[in-house]
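In: Sharing a model that was predicted from the sequence below.
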Amino acid sequence: KCHGNGDATTLEDEPEAADVKEQGLGWRNPKGNGNAGDTVSSGIEGAWTTNPTQWDHGYFELLLNHNWALTKSPAGAWQWEPTDIKEEDRPLDAHDPSVRRNPIMTDADMALIKDPVYREISEKFHNDPAYFDEVFAKAWFKLTHRDLGPKSRYLGADVPSEDFIWQDPIPAGNADLNADDIAALKSQILDSDLSRRELIITAWDSARTFRASDYRGGANGARIRLAPQKDWAGNEPEQLQRVLEALTRIQSDFDKDVSLADLIVLAGNTAIEQAANDAGIEVTVPFTAGRGDAEAAMTDTESFADLEPLHDGYRNWVKEDYAVSPEEMLLDRTQLMGLTAPEMVVLIGGMRVLDTNHGQSQQGVFTDRAGVLTNDFFVNLTDMNYTWHPVKTGDESSNTVNSYEIRERSTGNTKWQASRVDLVFGSNSILRAYAELYAQDDNLEKFVRDFVSAWSKVMNADRYDIAK
């Protein structure tokens, strides 16, 4: 039931302002006992059904079979009460069983009979209680499990046998690829006409959708090839399509079953290994096969649209001008992906020198060896031989400036371009400490290995079938 049996203005101070004796509870109710029949909270007062403590179908019985009039609660709030109800259909008072009171409805309840679409659903529930029970059970299950991610994360004997589309189902992939298979695939990837940049970008865009908040998104399933992801502006659809077509040919020609999801990740890993090798560091990016390829029928297109990135500081991109600054949006994406501050720093530095900015932007590419996995981003960011100058475009407000020139201090010549996201790694004291660590002459190898570790974390964030 709702509790609005009194004037809420009579409540005493809120928790922080209340006397210490209230011990953080606050809003003490001085009326009567201060609870039970004297409770004051929502403003509306009453119960929705005849038997509010029982599971039955009385809600739709009352809602559909009575006329409702707008009335005021004892607290003066608007609520709906029936004008034609039998005494035995009125619910008992919650605290005085000798008294019956009118049931109540809110505007939200009224919508279920006034809106023609809602009314049709309500009538079906009323006429078919068994159907209502089934739908309610599934809805409750969805409500309490939506943030658990795919069903593969569920434990225990009560895991349902059926798959629901909102669980983002993914068929099992082939986890039996051996070292020779992986080496052969890497060779075919390198022999394709795809650039390292394209391979790294596609792997990143596929994996960056992962959300640590509800375990949705990620590279597993290769949903980047399906609607709506294949058409997202942040994924550069034309370039994406070219990469997917080339990887699909490799998939089709290979003599073993391999998912496109695995190929996308393996291709990105292979490109990074080559970029590190060119920097003089031999490294193997960890790879575990077994990802599957989801189909369109397994994808809730409407809800997946909410995963579209509107910004990605790792690729130096924002879709539009927003009130929130790009560097603040970077923190939001970092937290959502489950990354730490050091992982954010090393990934940014690596992504910049690998030339993976959105739309060929050169902001933050502080290197003369673009495409090579060096620590040049940090070396040049912290070099005192340069000065940083804002370049205003459009709105003259300093808060909207997102373009800077890096000039040689001695000549004034422009050397590089930067965004706010790039420069925050030099201006923020904590982030600068990480940047200076990776800028050290003897820390190239540490940078590369830390980058590979953070990269692998992103690629495997949605792999619940492997140890991490």
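Out: Yep, it's here.
In: which residues in the stretch 151-300 of the chain form helices?
Out: Under the criterion DSSP state H, counting those that start in this stretch, the stretch 151-300 of the chain contains helices at 179-191, 196-207, 237-253, 260-278.
In: in the first one, what's buried?
Out: This points to helix 179-191. D181, I182, A184, L185, K186, Q188, I189 (16 or more other Cβ atoms under 10 Å). Just so you know, the C-beta spots here come from the backbone N, C-alpha and C atoms, and that holds for glycine as well.
In: Over to the second one?
Out: Applying a neighbour-count criterion of 16+ other Cβ under 10 Å, the buried positions in helix 196-207 are R196, R197, E198, L199, I200, I201, T202, A203, W204, D205, S206, A207.
In: In JSON lines, list these along with pLDDT and distance to N127.
Out: Conversion of these to JSON lines gives the following (pLDDT from 0 to 100; distance: Cβ to Cβ, whole Å):
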{"residue": "R196", "pLDDT": "97", "distance to N127": "62"}
{"residue": "R197", "pLDDT": "98", "distance to N127": "60"}
{"residue": "E198", "pLDDT": "98", "distance to N127": "57"}
{"residue": "L199", "pLDDT": "98", "distance to N127": "57"}
{"residue": "I200", "pLDDT": "98", "distance to N127": "57"}
{"residue": "I201", "pLDDT": "98", "distance to N127": "54"}
{"residue": "T202", "pLDDT": "98", "distance to N127": "51"}
{"residue": "A203", "pLDDT": "98", "distance to N127": "52"}
{"residue": "W204", "pLDDT": "98", "distance to N127": "52"}
{"residue": "D205", "pLDDT": "98", "distance to N127": "48"}
{"residue": "S206", "pLDDT": "98", "distance to N127": "46"}
{"residue": "A207", "pLDDT": "98", "distance to N127": "47"}
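In: Okay, now the unreliable bits of the stretch 251-400 of the chain?
Out: Low-confidence segments of the stretch 251-400 of the chain, defined by pLDDT under 70, are located at 393-400.
In: Name the nearest residue to R100, ignoring sequence neighbours.
Out: Closest residue to R100 apart from its sequence neighbours, by Cβ to Cβ, 6 or more residues apart in numbering: R90 at 4.0 Å.
In: Please parse this protein into its domains.
Out: Per automatic domain parsing, the structural domains of the chain span 8-127, 130-167, 179-306, 310-391+398-459.
In: centre of the chain versus the third one, how much separation?
Out: I take that to be domain 179-306. Relative to its chain's centre, domain 179-306 lies at 19 Å (Cα atoms, centre = their mean, to the nearest Å).
In: picking up where we left off before, switch the helices of the stretch 151-300 of the chain over to TSV; also include distance to L330.
Out: Formatted as TSV, the helices of the stretch 151-300 of the chain follow (distance: least, Cβ to Cβ, whole Å):
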stretch	distance to L330
helix 179-191	30
helix 196-207	14
helix 237-253	22
helix 260-278	21
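In: can I assume the residue nearest to R100 is in contact with D84?
Out: No. Counting by Cβ atoms under 8 Å, R90 sits too far from D84 to count as a contact (11.6 Å).
In: in the stretch 301-450 of the chain, which spans are helices?
Out: Going by DSSP H, counting those that start in this stretch, the stretch 301-450 of the chain shows helices at 301-304, 326-336, 341-353, 376-381, 420-427, 429-439, 444-459.
In: Throw the ones you listed into a markdown table and include mean neighbour count and distance to A111, thanks.
Out: Formatted as a markdown table, the helices of the stretch 301-450 of the chain follow (neighbours: other Cβ atoms under 10 Å; distance: least, Cβ to Cβ, whole Å):
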| stretch | mean neighbour count | distance to A111 |
| --- | --- | --- |
| helix 301-304 | 13 | 21 |
| helix 326-336 | 17 | 33 |
| helix 341-353 | 24 | 44 |
| helix 376-381 | 24 | 55 |
| helix 420-427 | 21 | 44 |
| helix 429-439 | 17 | 49 |
| helix 444-459 | 21 | 43 |
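In: Just put those in CSV and tack on distance to T387.
Out: Shown next, in CSV, are these (distance: least, Cβ to Cβ, whole Å):
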stretch, distance to T387
helix 301-304, 45
helix 326-336, 20
helix 341-353, 19
helix 376-381, 12
helix 420-427, 12
helix 429-439, 16
helix 444-459, 25
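In: Out of those, which gets nearest to N413?
Out: Proximity to N413 (Cβ to Cβ) singles out helix 376-381 among the helices of the stretch 301-450 of the chain, at 14.3 Å.
In: ok so, going back, what's near enough to touch the residue nearest to R100?
Out: T50, R100, R101, N102, P103 (Cβ atoms under 8 Å, 6 or more residues apart in numbering).
In: Please indicate which of the residues you listed has the highest neighbour count?
Out: P103 (25 neighbours; other Cβ atoms under 10 Å).
In: tell me which element that one is part of?
Out: Using DSSP states H and E, P103 sits in no helix or strand.
In: Let me know the average pLDDT across stretch 137-150.
Out: Average pLDDT, stretch 137-150: 94.
In: Output it as CSV, restricted to C-alpha atoms.
Out: The C-alpha coordinates for stretch 137-150 follow below in CSV (Å, rounded to 0.1, in the frame of the first residue of the first chain):
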residue,chain,number,x,y,z
ALA,A,137,7.6,-14.5,-14.1
LYS,A,138,9.7,-13.8,-17.2
ALA,A,139,9.5,-10.0,-16.6
TRP,A,140,10.6,-10.4,-13.0
PHE,A,141,13.5,-12.7,-14.1
LYS,A,142,14.6,-10.1,-16.7
LEU,A,143,14.4,-7.3,-14.1
THR,A,144,16.6,-9.2,-11.6
HIS,A,145,19.0,-10.7,-14.1
ARG,A,146,19.4,-8.0,-16.8
ASP,A,147,22.7,-6.8,-15.3
LEU,A,148,24.2,-10.2,-15.1
GLY,A,149,25.1,-10.3,-18.8
PRO,A,150,24.9,-13.5,-21.0
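In: what comes into contact with it?
Out: Outside stretch 137-150, the residues that reach it (Cβ under 8 Å, 6+ apart) are 154, 160, 164, 166-170, 213-216, 462, 464.
In: Tell me the buried residues within those.
Out: Q167, D168, P169, I170, Y215, R216, D462, Y464.
In: now those residues as JSON lines including distance to A77 and pLDDT?
Out: What follows is the buried ones among the contacts of stretch 137-150, written out as JSON lines (distance: Cβ to Cβ, whole Å; pLDDT from 0 to 100):
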{"residue": "Q167", "distance to A77": "39", "pLDDT": "94"}
{"residue": "D168", "distance to A77": "41", "pLDDT": "94"}
{"residue": "P169", "distance to A77": "45", "pLDDT": "95"}
{"residue": "I170", "distance to A77": "48", "pLDDT": "95"}
{"residue": "Y215", "distance to A77": "40", "pLDDT": "96"}
{"residue": "R216", "distance to A77": "38", "pLDDT": "95"}
{"residue": "D462", "distance to A77": "46", "pLDDT": "96"}
{"residue": "Y464", "distance to A77": "47", "pLDDT": "93"}
